[in-house]
Structures are given as structure tokens and as C-alpha cells.
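> Dropping the sequence and predicted coords here.
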Amino acid sequence: MSGTTKTEILVIGAGPCGLAVGAAARKSGVDCVLVDKGPIVSSIERYPIGMSFFSTADHLEVEDVPFVVSRDNPTRGEALKYYRRVASHFQLDVRQYETVTAVERSNGIFRAEATHLAGEARSYEAKAIVVATGYFDTPNLLGVPGEDLPKVTHYFRDPHLYFDQDVLVVGGGNSAVEAALTTWRAGARVTLAHLFDGFDRGVKPWVLPDIRNRLESGEISVLWRHRVERIEPGQVVLRDLAGEGAGAELQLPNDFVLAMTGFRPDPLLLRGLGVPLDPETGIPSHDPDSMETSVPGVFVAGVLAAGFDANKIFIQNGREHGARIVRRFVGGGE
């Protein structure tokens, strides 16, 4: 591929909300190109194998493409198949495995530079930019020595990997609970560690009895009010934060660490484009009716618009951003 690709709207990120922008653009006759550093809906691709969505299928639909499944809550595999169908149905121009490295504006035109996975440089020109990069690429790090060891991961995929292994699951939310339960059922020796005294408020209520029973029976060990101090090849060192043993270190035999500590948005592109972000909330300055930021021609879509609180925007409400953006672009949102 050579030369510069010119388009009306360039969408950075081809997750469900990015695809919704592309679909809305196609329906309005607006030229649109999507660029993603991975495959389409890469965040869903990285979900645990066999996972089912909390949302029902109709809440995951894009535009007029029905999502038909045999159960209320679709699986990861069914969602991947559905979003492939969305991309094909609207004949979206999606450039997969391209990482955008720089975006600048000159004379009312945005110019973006990207690099393909194979190393080839790509360039784009557009009248508008939509940043729909999500937050799944930037985990909240523990910030401790040893976190870069190969046995540490922030993405839980397949419990089979942990059969007959000593596994520490860090966190107290849905991801931590599900990782602890599924790895235990796959034959792992599981310890759950959390900074606080109990599970996070957002844990699915139908899962709580299961995990609580495992903890009460001792099948899964738990260390409330403990913080990881350092990670070593054969063990993890934690510090007790409360109780009679406050301040004491605990050495735990360990083969793998599943750091289910959540994710945060990466504002690098927005900052480079001059979009102000609220220092407390991380929310980019934008009009929620059009999703246009305070920098004309720059839009946000999806969870990025929620700043640090990723629980405010999901696929079911983020998919609405596409129509708002395109409506504004063609002049109907004024």
C-alpha cells in the first residue's frame, strides 16, 4: 500500500462503538475508514474463552443488523461472529493491525500516520477524527517489582493453563471473581487477594453465593486487606494492611499471578490533538449530544468518553455515539 488514503471520517479503533460510527457513516453516504492496532473488536477477542455477556443480544446490536442467538446472553464467540457480520454487512473499510502513531491538523485537514504490523508505514487524511480506542489496552498496573515477569498477566483467557498450579488472583471485582472460580474448577490452587474487606459492589449478584461458598469451605483461599509487595519467580510477597498482623509480610508459593485490577483509558491521542481532559474524572471536554470535543472535528466514541469511570458507558449506550457523530458531521446535529 502506498500514498495517502483520503476519507471524510477517520475512526481510530474498530471496537463495537467504532463499528457503529462506520455503520452510521455508511448509511448516510459518508466516506469512512476505520483503523485498529488489532483485529476488529479486539477487546472482545481478549475476553475469557467461553464467557457470556451480562447484556442481552439486543443491547449489543449495531444499527439494523439483528443479533440472533438461542439464549438471552450471547457468548464471546457469538459476539465475535456478530461483529464480523456487521463489518461485512456494511462493507466497512477497516484497516486491521495498524497502529496510529501521530495525528495532526493543518488547514482544516487531519493527517494521521500509522504503522502496519508488518512494519509498513501508512498515512491518512480526513475531515474529522473519531477516537474510539476504548480502555482495554492499558491495564491498571500493580506497580511492584516483578510485575513484568512472564507469569503475570492482566488478561485472563483460559483456565486450562492453570491446572495444578499455585495461582494468585488480585482484585475484588467481576473479573477477579470469575478468574478465581474458573481456575479453581480447572484444578488450580487459588488464592484471592484484595486491598479491601470484601468484594466490589459491582460483582454480579448471582455469582456471589458461589464465590462465598468456595471461600467459606476453604476451597479458595482469601486474603482481605492485603497488598502485593513484590513478585518473584517462585513466590509472591504480600503485606497485611489491617488487623493484628498489620505491616507483616506474607510469602506465598506461586506459579502465576492474575492481576484483575481493571483498565484505564489512554488519553495520549486526545492530548496530542489538544483536547482538554478533566483532571479529576479524566472525561474529555465534549458535547454529549454530538460527541464532538472542544476541538472542532475531533470526536470521541465509546468508553473513552467516560474518563476514569469505565462503568458509565457500555456497548449498549456507546453504540449510540455513531449516529450522533455522523449526524453532527453532515450538519444535522447543529
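Perfect, thanks for sending it.

> C-alpha only now, for contacts and for neighbours.
Fine.

> Report the contact partners of Asp64.
Not one residue lies near Asp64 by CA atoms under 8 Å, 6 or more residues apart in numbering.

> mind giving me the domain ranges of this protein?
4-138+263-330, 152-259 (automatic domain parsing).

> And those domains: which comes nearest Val144?
Evaluated over those, closeness to Val144 peaks at domain 152-259, with 5.3 Å, by CA to CA.

> Turn the domains of the chain into CSV, columns for mean pLDDT and distance to Val144.
Output for the domains of the chain, formatted as CSV (pLDDT from 0 to 100; distance: least, CA to CA, whole Å):
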stretch, mean pLDDT, distance to Val144
domain 4-138+263-330, 94, 16
domain 152-259, 95, 5
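
> Check this structure for me, the residue farthest from its geometric middle.
Glu244 (38.5 Å; CA atoms, centre = their mean).

> Now do the same for that one: helix, strand or coil?
coil (DSSP: H, G, I helix; E, B strand; the rest coil).

> could you dump the domains of the chain to JSON lines with distance to Pro145?
Shown next, in JSON lines, are these (distance: least, CA to CA, whole Å):
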{"stretch": "domain 4-138+263-330", "distance to Pro145": "18"}
{"stretch": "domain 152-259", "distance to Pro145": "5"}
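
> To Gly146, which of the ones you listed lies closest?
Counting by CA to CA, Gly146 lies closest to domain 152-259 out of the domains of the chain; the figure is 4.5 Å.

> Quick check: buried residues in the helix or strand hosting Lys81?
According to DSSP states H and E, Lys81 maps onto helix 76-89. Neighbour counts over helix 76-89 (16 or more other CA atoms under 10 Å) mark Arg76, Glu78, Ala79, Leu80, Tyr82, Tyr83, Val86, Ala87 as buried.

> Okay, now the sheet partners of the next helix or strand along the chain from it, with direction.
Next in sequence after helix 76-89, counting helices and strands by DSSP H and E, comes strand 93-95. For strand 93-95, the paired strands and their directions (DSSP bridges) are strand 32-35 (parallel).

> and the partner strand, how far from the chain's centre?
Centroid separation for strand 32-35 versus its chain: 19 Å, with CA atoms, centre = their mean, to the nearest Å.

> Now do the buried residues in the helix or strand that comes right after that strand.
Counting by DSSP H and E, the element after strand 32-35 in chain order, helix or strand, is helix 42-45. Buried positions in helix 42-45, judged by neighbour count with 16+ other CA under 10 Å: Ser42, Ser43, Ile44, Glu45.

> How many residues are close by the closest residue to Ala24 other than its chain neighbours?
Excluding its sequence neighbours, the residue lying closest to Ala24 (CA to CA, 6 or more residues apart in numbering) is Ala323, at 5.4 Å. Applying other CA atoms under 10 Å, we find 22 residues neighbouring Ala323.

> which residues make contact with the helix or strand hosting Ala323 from outside it?
Using DSSP H and E, Ala323 sits in helix 321-330. For helix 321-330, the surrounding residues in contact (CA under 8 Å, 6+ apart) are 17-18, 20-25, 28, 128, 289-292, 299, 301-302, 333-334.

> re the thing from before, will you turn the buried residues of helix 42-45 into CSV that also has distance to Thr115?
Formatted as CSV, the buried residues of helix 42-45 follow (distance: CA to CA, whole Å):
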residue, distance to Thr115
Ser42, 17
Ser43, 20
Ile44, 23
Glu45, 21
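
> How about residues contacting stretch 19-33?
By CA under 8 Å, 6+ apart, the residues outside stretch 19-33 that reach it are 7-11, 34, 62-63, 86-87, 90, 92-95, 319-323, 325-326.

> Weed out the non-buried ones from those residues.
By 16+ other CA under 10 Å, the contacts of stretch 19-33 give 8-11, 34, 62-63, 86-87, 90, 92, 94-95, 319-323, 325-326 as buried.

> Contacts only, for Pro74.
Listed by CA under 8 Å, 6+ apart, the contact partners of Pro74 are Ser52, Phe53, Thr56, Ala57.

> got a winner among those for most neighbours?
Ala57 (22 neighbours).

> Would you map the helices across this structure?
Along the chain, the stretches classed as helices by DSSP state H are 16-27, 42-45, 76-89, 174-185, 208-217, 268-272, 315-318, 321-330.

> And for Phe299, the neighbour number?
If you count neighbours by other CA under 10 Å, Phe299 ends up with 28.

> can you pull up the bridge partners for it?
Val130, Glu292.

> Quick one: distance of the helix holding Lys81 to the chain centre.
17 Å.

> can you list the residues that contact it?
Helix 76-89 is contacted by residues 16, 19, 23, 40-41, 44-45, 47-53, 62, 65, 67, 69, 94 when judged by CA under 8 Å, 6+ apart.

> one more time with 6 Å, if that's ok
Met51 (CA atoms under 6 Å, 6 or more residues apart in numbering).

> That one to helix 16-27, inter-axis angle?
For helix 76-89 against helix 16-27, the angle by axes from the mean of the first three to the mean of the last three CA atoms, to 10 degrees is 20 degrees.

> Only C-alpha atoms, please: export helix 76-89 in PDB.
The C-alpha atoms that make up helix 76-89 are tabulated as PDB, following Å, rounded to 0.1, in the frame of the first residue of the first chain:
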ATOM      1  CA  ARG A  76     -17.800 -14.300  23.400                       C
ATOM      2  CA  GLY A  77     -17.700 -16.400  20.300                       C
ATOM      3  CA  GLU A  78     -21.200 -15.400  19.200                       C
ATOM      4  CA  ALA A  79     -20.300 -11.700  19.700                       C
ATOM      5  CA  LEU A  80     -17.200 -12.000  17.600                       C
ATOM      6  CA  LYS A  81     -19.200 -13.700  14.800                       C
ATOM      7  CA  TYR A  82     -21.800 -11.000  15.000                       C
ATOM      8  CA  TYR A  83     -19.400  -8.100  14.700                       C
ATOM      9  CA  ARG A  84     -17.700  -9.700  11.800                       C
ATOM     10  CA  ARG A  85     -21.100  -9.800  10.200                       C
ATOM     11  CA  VAL A  86     -21.700  -6.100  10.900                       C
ATOM     12  CA  ALA A  87     -18.400  -5.200   9.200                       C
ATOM     13  CA  SER A  88     -19.300  -7.300   6.200                       C
ATOM     14  CA  HIS A  89     -22.900  -6.200   6.000                       C
END
